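Colleague: please find the sequence and the predicted model below.
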Amino acid sequence: AEVAASAAAMLGQTYPSEKLEEAWKLMLFNQFHDILPGSSIAPVYEDADGDYQRAFEIISGVTSDALKAIASQADTMGEGKAHMVFNPLPWERTDIVEIETGANAVRLTDCEGMALAFQRVAGAPGRVAVLVTVPPCGWTIIRAVSGEHSGGGPIAETSGRKLQTPLISAEFNRFGQLSRMVDLHAGRDVFTPGEAGNRLILAEDIPVEYEAWDIEEWINDKTREVRELESFEVVENGPVRAVVRLAWKAGKSTITQRVSFYGHTRRVDFSTLVDWRERKTMLKAVFPLAVRSRRATYEIQFGAIDRSTQESNPWDWARFEVAAQKWADLSQADYGVSILNDSKYGYDTKGSVMRLSLLRSPECPDPEADQGLHAFTYSVLPHRGSWQAGSTVAEAQELNIPLMTAAAASAPGPLPSEGWFFKIEAEDGAPVILSALKKCEDGKGFVARMYEPHGRNARVTVSTPFAVKAAASVNILEDEKASLRHRSSGVTVELGPWKI
């Protein structure tokens with residue numbers, strides 16, 4: 001919301017400072033240490049749900065207003081219905097976005113009138129998924145034009161439970177697990193031969209005390225696999241993705257996944273919906289990776305940390321479950337696999353087996369903790385070389401920060417049909433993360449907070465098409481620490497490893 005609002009403010013729109021402050025305060029209040037991990041009593045979460053609903057309403061409204069303001073100034077003239085696609089990340093990206101086009105036959109074009117690859121979304125009449133390239137912190141106009149469907153042919157060859165795209169070959173077993181997955185570009189298995197990936201397990205979760213707080217080291221000792229597969233169906237197979245829908249019964253719970261394979265990335269997404277009805281049980285996804293390494297790497301705030309995959313001393317043994325943010329990775333010298341997530345932050349890696357913790361169901365202090373519907377996505381990203389070489393950071397950002405869209409009226413705006421507001425470029429081409437872009441608290445200019453995510457020295461150029469009058473480094477209170485030499489188009493800075 002802040003990036004879109006900042007872009008709109010650069011065009012003259014009033015920056016919604018008070019609304020964003022209210023949303024931030026609602027969210028930060030609920031970061032209290034018992035609310036956040038799920039160890040409060042039920043009435044606390046009734047209040048927290050109300051706070052989050054209000055915060056989401058504010059964020060949604062701010063984002064919608066900002067996108068409409070940008071779209072109203074872009075040149076949207078042309079045939080058919082215009083849609084603006086906005087990219088909040090500071091690098092150009094090619095990604096999938098879903099838009100409403102109605103049930104009639106259409107073709108989609110980019111801002112230059114060239115055909116775009118797209119396909120109908122299964123289970124959503126009138127909705128299409130389109131592959132589009134968008135500038136950094138910028139926009140592009142795409143058009144839905146009446147006519148014959150020309151989105152392209154299917155991306156995958158399918159036969160029974162086997163599926164192959166230009167990038168990935170996958171085979172599911174009768175339990176719905178990935179019995180084999182091959183990275184076709186690297187020519188190698190992603191999972192340990194003979195072992196299945198995306199193996200869902202239910203683990204008995206009975207801590208000695210403090211149920212909602214603790215996980216014990218024996219969590220993986222008493223488990224059972226989710227094997228009661230109720231349905232398997234290829235529900236989409238178009239020019240931008242192939243989607244397999246699976247449904248399981250797991251105890252008293254049900255699990256549904258949409259497993260998506262793409263043509264523009266080796267990332268495989270597992271969009272998951274769980275109706276969770278278990279008690280004192282943990283749900284995990286297990287990935288036996290065809291990689292050997294004594295260290296696994298986990299994203300932390302503004303950086304990454306590596307931890308042992310062996311239990312060779314008491315400190316390593318005690319790390320039977322560790323925290324991470326958007327990704328964890330296991331790599332050897334020439335190859336690796338990252339497990340990404342959009343909201344699940346507990347991992348464990350023993351030897352070559354990486355597990356992602358998905359759900360728990362403690363009964364104290366709240367007997368109904370986590371009961372009900374849960375929606376989340378996690379991903380497998382195979383890559384050559386290290387996680388730095390494998391675009392793990394960029395892929396995790398793109399999973400967590402999707403493209404945004406807004407319908408646009410046809411009008412000759414002062415802005416071109418494609419453009420950008422802000423970008424960050426490192427000389428070596430590797431990403432630098434934009435963690436915030438907002439109006440200054442005093443209303444005079446904008447603050448960009450960025451950091452180096454690979455552990456390297458980076459010479460970074462920050463650019464904008466607007467005239468830069470002054471630039472300075474500031475602390476978190478936005479007190480100016482030092483003036484920076486700048487050009488009218490931006491500034492160049494040096495970032496050390498993990499530097500904010």
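Modeller: Everything's here; your move. As the structure is a prediction and not an experimental result, all values here were calculated from the model.

Colleague: buried residues in stretch 288-300?
Modeller: For stretch 288-300, a neighbour-count test (16 or more other C-beta atoms under 10 Å) marks Pro288, Leu289, Ala290, Val291, Ser293, Ala296, Thr297, Tyr298, Glu299 as buried. (Glycine included, C-beta is placed from N, CA and C.)

Colleague: distance from that stretch to the middle of the chain?
Modeller: For stretch 288-300, the separation from the chain centroid amounts to 20 Å (computed by C-alpha atoms, centre = their mean, to the nearest Å).

Colleague: do the same with stretch 183-196
Modeller: Worked out by C-alpha atoms, centre = their mean, stretch 183-196 lies 24 Å from the chain centre.

Colleague: look up the closest residue to Ala124, ignoring the ones flanking it.
Modeller: Nearest non-adjacent residue to Ala124, counting by C-beta to C-beta, 6 or more residues apart in numbering: Glu98, 7.7 Å away.

Colleague: list the buried residues for the host helix or strand of that neighbour?
Modeller: Assigned by DSSP states H and E, Glu98 belongs to strand 93-100. Buried residues in strand 93-100, counting neighbours by 16+ other C-beta under 10 Å, are found at Arg93, Asp95, Ile96, Val97, Ile99.

Colleague: average pLDDT across that strand?
Modeller: In this model, strand 93-100 has a mean pLDDT of 96.

Colleague: strand partners of that strand, parallel vs antiparallel please.
Modeller: If you go by DSSP bridges, strand 93-100 pairs up with strand 127-134 (antiparallel).

Colleague: dump the partner strand to CSV, restricted to CA.
Modeller: Extracted in CSV, the C-alpha atoms of strand 127-134 (Å, rounded to 0.1, in the frame of the first residue of the first chain):
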residue,chain,number,x,y,z
ARG,A,127,-11.4,-14.6,-14.9
VAL,A,128,-8.2,-15.1,-16.8
ALA,A,129,-4.5,-15.5,-15.8
VAL,A,130,-2.2,-13.5,-18.0
LEU,A,131,1.6,-13.4,-18.2
VAL,A,132,2.9,-9.8,-18.3
THR,A,133,6.2,-7.9,-17.9
VAL,A,134,6.0,-4.8,-15.7
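
Colleague: Leu330 touches Arg294, doesn't it?
Modeller: No - counting by C-beta atoms under 8 Å, Arg294 is not a contact partner of Leu330; they are 10.2 Å apart.

Colleague: common neighbours of these two, please.
Modeller: Shared contacts of Leu330 and Arg294 (C-beta atoms under 8 Å, 6 or more residues apart in numbering): Thr309.

Colleague: so what's the residue nearest to Ala124 bridging to?
Modeller: For Glu98, the beta-bridge assignment (DSSP bridges) gives partners Ala129.

Colleague: shouldn't it be in contact with Val132?
Modeller: No - the pair Glu98 / Val132 is not scored as a contact, 10.9 Å apart, by C-beta under 8 Å.

Colleague: next, Cys137: phi, psi?
Modeller: Here is the backbone geometry of Cys137 (degrees, to the nearest 10): phi 40, psi 50.

Colleague: pLDDT wise, what is Gly151 at?
Modeller: We have a pLDDT of 59 for Gly151.

Colleague: actually Gly138, not the one I wrote
Modeller: Looking at Gly138, the pLDDT reads 97.

Colleague: show me where the stretch 251-400 of the chain has strands.
Modeller: Applying DSSP state E, counting those that start in this stretch to the stretch 251-400 of the chain gives strands spanning 253-262, 268-276, 281-288, 295-300, 303-308, 322-323, 327-331, 335-341, 346-350, 353-359, 372-384.

Colleague: and those strands, which is most packed in?
Modeller: Looking across the strands of the stretch 251-400 of the chain with neighbours counted as mean count of other C-beta atoms under 10 Å, the highest average goes to strand 327-331: a mean of 27.

Colleague: give me the angle between that strand and strand 372-384.
Modeller: Following axes from the mean of the first three to the mean of the last three C-alpha atoms, to 10 degrees, one obtains 30 degrees for the angle between strand 327-331 and strand 372-384.

Colleague: sheet partners, orientation included, of strand 327-331?
Modeller: Strand 327-331 pairs in its sheet with strand 295-300 (antiparallel), strand 335-341 (antiparallel), by DSSP bridges.

Colleague: mean confidence for the longest one?
Modeller: By that I understand strand 335-341. The pLDDT scores in strand 335-341 average 98.

Colleague: okay, now the unreliable bits of the stretch 151-300 of the chain?
Modeller: 151 (pLDDT under 70).

Colleague: go with 90
Modeller: Along the stretch 151-300 of the chain, segments meeting pLDDT under 90 span 151-153, 220-221.

Colleague: can I get stretch 153-167 as CSV, trimmed to CA atoms?
Modeller: C-alpha atoms of stretch 153-167 as CSV (Å, rounded to 0.1, in the frame of the first residue of the first chain):
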residue,chain,number,x,y,z
GLY,A,153,-1.6,-23.8,-26.5
PRO,A,154,-1.1,-25.9,-23.3
ILE,A,155,2.3,-25.6,-21.5
ALA,A,156,2.4,-29.1,-20.2
GLU,A,157,2.2,-32.6,-21.7
THR,A,158,0.2,-34.8,-19.4
SER,A,159,-0.4,-38.6,-19.1
GLY,A,160,-2.2,-40.0,-16.1
ARG,A,161,-0.4,-38.6,-13.0
LYS,A,162,2.7,-37.4,-15.1
LEU,A,163,3.2,-33.8,-16.2
GLN,A,164,6.0,-32.1,-18.1
THR,A,165,6.5,-28.5,-18.9
PRO,A,166,9.6,-27.0,-20.6
LEU,A,167,11.2,-26.6,-17.2
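
Colleague: circling back to that earlier point, quick one: residues contacting the residue nearest to Ala124.
Modeller: Glu98 is in contact with Val121, Ala124, Arg127, Val128, Ala129, Val130, Thr405, counting by C-beta under 8 Å, 6+ apart.

Colleague: what helices or strands is the top helix by length along the chain leaning on?
Modeller: When the chain is scanned for its longest helix (criterion: DSSP state H), the result is helix 42-73. In terms of contacts (3 or more C-beta pairs under 8 Å, 6 or more residues apart in numbering; DSSP states H and E), helix 42-73 is packed against helix 2-10, helix 17-29, strand 81-87, strand 404-408.

Colleague: now do it, average pLDDT.
Modeller: For helix 42-73, the mean pLDDT works out to 97.

Colleague: report the angle between that helix and strand 81-87.
Modeller: Using the same axes, to 10 degrees, helix 42-73 lies at 120 degrees relative to strand 81-87.

Colleague: so which bits of helix 42-73 are buried?
Modeller: For helix 42-73, by 16+ other C-beta under 10 Å, it's 44-45, 48, 51, 55, 58-59, 62-63, 65-73.

Colleague: now swap in stretch 33-41 and tell me
Modeller: Buried residues in stretch 33-41 (16+ other C-beta under 10 Å): Ile35, Ser39, Ser40.

Colleague: as a markdown table, the residues you listed with secondary structure and distance to Pro382 would be great.
Modeller: As requested, those are exported to a markdown table (DSSP: H, G, I helix; E, B strand; the rest coil; distance: C-beta to C-beta, whole Å):
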| residue | secondary structure | distance to Pro382 |
| --- | --- | --- |
| Ile35 | coil | 37 |
| Ser39 | coil | 36 |
| Ser40 | coil | 39 |
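
Colleague: just give me the closest of those to Lys162.
Modeller: Ser39 (44.1 Å; C-beta to C-beta).

Colleague: what's the nearest residue to the closest one if we skip its chain neighbours?
Modeller: Ser39's closest residue in space is Ala212 (C-beta to C-beta, 6+ apart), at 3.9 Å.

Colleague: all set, thanks.
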